[in-house]
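Student: Mind folding the following:
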Amino acid sequence: FGEDTYLVSRISEVMVKAFQGPSPAQADSIMASVKHFALYGAVEGGRDYNVVDMSPVKMYQDYLPPYHAAVKAGAGGVMVALNSINGVPATANTWLMNDLLRKEWGFKGLTVSDHGAIFELIKHGVAKDGREAAKLAIKAGIDMSMNDQLYGKELPGLLKSGEIEQKDIDNAVREVLGAKYDMGLFADPYLRIGKAEDDPADTYAESRLHRSEARDVARRSLVLLKNQNDTLPLKKSATIALVGPLAKAPIDMMGSWAAAGKPAQSVTLLDGMNAVIGEQGKVIYARGANITSDKAVVDYLNFLNFDAPEVVDDPRSAQVLIDEAVKAAKNADVVVAAVGESRGMSHESSSRTDLNIPQSQRDLITALKATGKPLVLVLMNGRPLSILEESQQADAILETWFAGTEGGNAIADVLFGDYNPSGKLPITFPRSVGQIPTYYNHLTIGRPFTPGKPGNYTSQYFDDTTGPLYPFGYGLSYTRFSLSDMALSSTTLNKTGKLDASVTLKNTGKVDGETVVQLYIQDVAGSMIRPIKELKNFQKILLKAGESKVVHFSITEDDLKFYNAQLKFAAEPGQFNVQIGLDSQDVQQQSFELL
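Tutor: Residues are numbered from 1 along each chain as shown. The predicted structure follows:
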């Protein structure tokens with residue numbers, strides 16, 4: 001969901017409540033299961049399933065809050081991570097599953113292992129065989145085993161020998177049955193199945209695809225990263241060259257883990273642009289490049305797809321493909337290049353050592369730039385990419401992620417101005433892979449780099465600009481927004497009081513639009529080093545052209561609390577900086593004191 005613990009916690013809470021509804025026993029609800037518990041996003045090297053070694057303070061401060069938010073929101077289940085935590089696999093981690101989850105957080109629901117994770121305790125090297133693996137997992141508090149058969153095979157013998165107690169099994173069984181009870185299955189075991197005569201004749205009927213909702217969600221998710229000289233929105237009367245391996249890629253548009261999604265029902269970018277432009281203008285399509293010229297990568301991406309290959313190369317030479325795209329560009333008013341990753345490149349177990357767009361596509365972009373025609377990049381990707389060179393070549397860049405079944409229509413809505421983009425980045429875009437990990441809320445240091453000042457003996461990269469390419473919270477619009485100076489209701493805050501921070505947001509452009517006003521707070525001096533800023537609230541505001549609105553944020557002591565070295569969650573008196581802006585970097589600041 002992103003790099004910020006506050007943002008992810010907000011999303012976590014909303015998702016649990018949306019899945020479960022007023023009661024998980026209702027026929028139209030499902031039980032939320034929080035995954036992967038815990039610290040799965042902190043694996044070394046960004047490589048799936050790798051180890052995690054982390055201080056307790058960082059756990060409590062940064063990585064645990066989103067899980068805790070889901071538990072507090074009432075999630076009925078927790079799915080256990082595949083990684084180890086400070087040398088102990090999560091699936092055998094009594095501190096994680098019992099001391100933290102059950103005792104400290106008060107979780108009363110069902111815990112389930114990840115796929116085959118109990119058997120994998122042998123591979124982790126903490127269990128010598130399946131018997132010991134089952135013992136470790138049940139003693140740690142893993143109620144249900146997913147996919148492996150070790151519980152059924154080993155628990156009876158472990159109980160008989162006295163290596164586990166009856167209460168170990170009873171505890172697990174109670175939670176499994178409790179989940180079924182909470183979901184209403186004891187009252188009606190067929191609650192969610194319904195009657196056979198009510199089954200849809202066609203599961204994939206158009207009426208069941210919720211296309212308008214999918215389109216709306218997708219276009220709200222798009223982020224405009226660059227729009228030099230108002231290249232976007234495109235004119236519907238224009239002749240547009242649409243090129244790139246992702247312009248006509250229905251399976252990639254859906255993204256990874258698309259489950260029952262059918263590529264034939266997803267709308268490609270070519271489909272979406274043709275639908276908008278109709279007879280007014282013209283779209284000239286050329287593939288321009290394959291996803292990658294690396295055969296080993298293509299073979300890997302196709303390995304798990306047994307029905308048909310996901311990545312199908314155009315057999316023509318790279319130069320022939322580029323020449324065809326350049327010809328299309330020369331005959332067009334503007335070029336739109338759909339580039340990035342195939343969906344398999346951002347799948348589980350598809351970690352990358354390189355965040356560049358594959359070279360075959362970069363060569364295409366360079367050739368398109370050389371035509372002199374305005375160049376719009378439509379990025380499709382499941383992770384931030386290193387696009388420093390591309391950001392210099394392009395006149396406009398629209399980040400679309402993997403936009404789903406209605407992605408082509410949603411992207412076209414934005415490209416042609418039928419929808420004004422309002423998305424903001426939930427994660428920092430680095431200038432290069434060498435900056436990883438990079439995130440906006442890093443801790444303060446003794447020798448910080450200050451832009452515009454000499455870098456000697458400061459924390460910097462001397463071979464490139466220090467700082468991100470696009471910061472957390474960043475995203476442009478087809479209109480312009482301005483913020484007035486900030487006003488604080490007081491320069492002091494007591495432990496039971498509230499402080500109001502307000503700004504006036506104005507749409508100074510010519511079209512209606514939405515933007516996200518973001519509140520950050522910095523603890524200037526604490527008992528331990530603190531982040532340079534932390535997101536504490538945000539509001540998405542829709543304003544008509546020329547309209548303005550006063551935006552208020554309420555700050556209390558709870559917003560200032562953090563986990564100290566003793567893992568006590570508390571605020572410390574002293575000076576705090578309040579920052580308000582439209583992204584994490586471009587902010588204005590005022591100060592107050594917590595008494």
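Student: wait, Arg192 sits on Ala27?
Tutor: Yes - the pair Arg192 and Ala27 passes the contact test of Cβ atoms under 8 Å, sitting 5.7 Å apart. For the C-beta atoms, the positions are set from N, CA and C on the backbone; glycine is no exception.
Student: Look at stretch 373-389 and report the distance between its end residues.
Tutor: Using Cα to Cα, to the nearest Å, the span of stretch 373-389 from its first residue to its last is 17 Å.
Student: Could you check it and say which residues are buried?
Tutor: By 16 or more other Cβ atoms under 10 Å, the buried positions in stretch 373-389 come out as 373-388.
Student: list the helices and strands the strand or helix carrying Ala329 packs on?
Tutor: In the assignment (DSSP states H and E), Ala329 maps to helix 318-330. On a contact count with 3 or more Cβ pairs under 8 Å, 6 or more residues apart in numbering; DSSP states H and E, helix 318-330 meets strand 239-243, strand 282-286, helix 359-369.
Student: could I get those as CSV with mean neighbour count, mean pLDDT and distance to Tyr300?
Tutor: Shown next, in CSV, are the helices and strands packed on helix 318-330 (neighbours: other Cβ atoms under 10 Å; pLDDT from 0 to 100; distance: least, Cβ to Cβ, whole Å):
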stretch, mean neighbour count, mean pLDDT, distance to Tyr300
strand 239-243, 25, 98, 25
strand 282-286, 18, 98, 27
helix 359-369, 20, 98, 16
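Student: Glu324: which of the ones you listed is closest?
Tutor: Closest to Glu324 of the helices and strands packed on helix 318-330, according to Cβ to Cβ: strand 282-286, at 4.6 Å.
Student: I'd like the next helix or strand past the closest one.
Tutor: Following strand 282-286 toward the C-terminus (DSSP H and E): helix 295-303.
Student: ok, residues contacting that following helix?
Tutor: Contact with helix 295-303 is made by 291-292, 309-311, 313, 342, 344-345, 350, 358, as judged by Cβ atoms under 8 Å, 6 or more residues apart in numbering.
Student: Farthest pair within these?
Tutor: Maximum pairwise distance among those (Cβ to Cβ): 18.3 Å, between Asp313 and Ser350.
Student: tell me which element Leu385 falls in.
Tutor: Assigned by DSSP H and E, Leu385 belongs to no helix or strand.
Student: give me phi/psi at Glu310?
Tutor: Per-residue torsions, Glu310: phi -80, psi -40 (degrees, to the nearest 10).
Student: ok, it - contacts?
Tutor: Contacts of Glu310 (Cβ under 8 Å, 6+ apart): 251, 301-302, 342-344.
Student: Identify the structural domains in the protein and state their residue ranges.
Tutor: Per automatic domain parsing, the structural domains of the chain span 5-182, 208-415, 481-594.
Student: Tell me how far the second one lies from the chain's centre.
Tutor: Pointing back at domain 208-415 there. Remark: domain 208-415 is offset 19 Å from the chain centroid, using Cα atoms, centre = their mean, to the nearest Å.
Student: roughly how far apart are the closest residue to Ala73 other than its chain neighbours and Pro66?
Tutor: Using Cβ to Cβ, 6 or more residues apart in numbering and skipping the chain neighbours, the partner closest in space to Ala73 is Val16 (4.0 Å). Counting by Cβ to Cβ, to the nearest Å, the gap between Val16 and Pro66 amounts to 11 Å.
Student: Those two: which is more packed in?
Tutor: Using other Cβ atoms under 10 Å, the more surrounded residue of Val16 and Pro66 is Pro66, with 24 against 21.
Student: got the buried residues for the helix or strand hosting the more buried one?
Tutor: Assigned by DSSP H and E, Pro66 belongs to helix 65-72. By neighbour count on 16+ other Cβ under 10 Å, the buried set for helix 65-72 is 65-72.
Student: and what of stretch 29-36?
Tutor: For stretch 29-36, the neighbour count (16+ other Cβ under 10 Å) marks 29, 31-36 as buried.
Student: which among those gets closest to Leu543?
Tutor: Set against Leu543, the nearest of the buried residues of stretch 29-36 by Cβ to Cβ is Ala32 (34.5 Å).
Student: List the buried residues in stretch 117-129.
Tutor: By neighbour count on 16+ other Cβ under 10 Å, the buried set for stretch 117-129 is 117-121, 124, 126-127.
Student: Quick check: closest non-adjacent residue to Gly77.
Tutor: With sequence-adjacent residues excluded and distances taken as Cβ to Cβ, 6+ apart, Gly77 is closest to Ser33, at 3.5 Å.
Student: Quick check, the one you found in contact with Val71.
Tutor: No - using Cβ under 8 Å, Ser33 is not in contact with Val71, being 11.3 Å away.
Student: Need the overlap of contacts for those two.
Tutor: In terms of Cβ under 8 Å, 6+ apart, Ser33 and Val71 are both contacted by the residues Val78.
Student: Which strand or helix spans Ala259?
Tutor: Here Ala259, judged by DSSP H and E, is contained in no helix and no strand.
Student: Of the contacts of Glu310 - the most surrounded one?
Tutor: Comparing the contacts of Glu310 by number of neighbours (other Cβ under 10 Å), Ser342 comes first, having 27 neighbours.
Student: Next up, the contacts around that one.
Tutor: By Cβ under 8 Å, 6+ apart, the contact set of Ser342 is 245-246, 249, 252, 291, 301, 310-311.
Student: repeat that for 10 Å
Tutor: If a contact means Cβ atoms under 10 Å, 6 or more residues apart in numbering, then Ser342 has 245-246, 249, 251-252, 256, 290-292, 297-298, 301, 310-311, 350, 358, 380-382, 402 as its contacts.
Student: Over to Glu197?
Tutor: By Cβ under 10 Å, 6+ apart, no residues touch Glu197.
Student: elements contacting the helix or strand harbouring Leu121?
Tutor: Following DSSP H and E, one finds Leu121 within helix 120-124. Contact partners of helix 120-124 among helices and strands, from 3 or more Cβ pairs under 10 Å, 6 or more residues apart in numbering; DSSP states H and E: strand 88-89, helix 130-140.
Student: which residues touch that helix?
Tutor: For helix 120-124, the surrounding residues in contact (Cβ under 10 Å, 6+ apart) are 49, 51, 82-84, 87-92, 113-114, 116-117, 126-130, 132-137, 140, 148, 150.
Student: can you rerun that using 7 Å?
Tutor: Helix 120-124 is contacted from outside by 82, 84, 89, 91-92, 127, 129-130, 133, 136-137, using Cβ atoms under 7 Å, 6 or more residues apart in numbering.
Student: And for stretch 476-486?
Tutor: 224-225, 227, 233, 417, 420-422, 501, 503-511, 513, 515, 545, 578, 580, 582, 588, 590.
Student: got it, and stretch 165-181?
Tutor: Identification of contacts with stretch 165-181 by Cβ under 7 Å, 6+ apart yields 31, 76-77, 109-111, 138-139, 143-144, 155, 159, 186.
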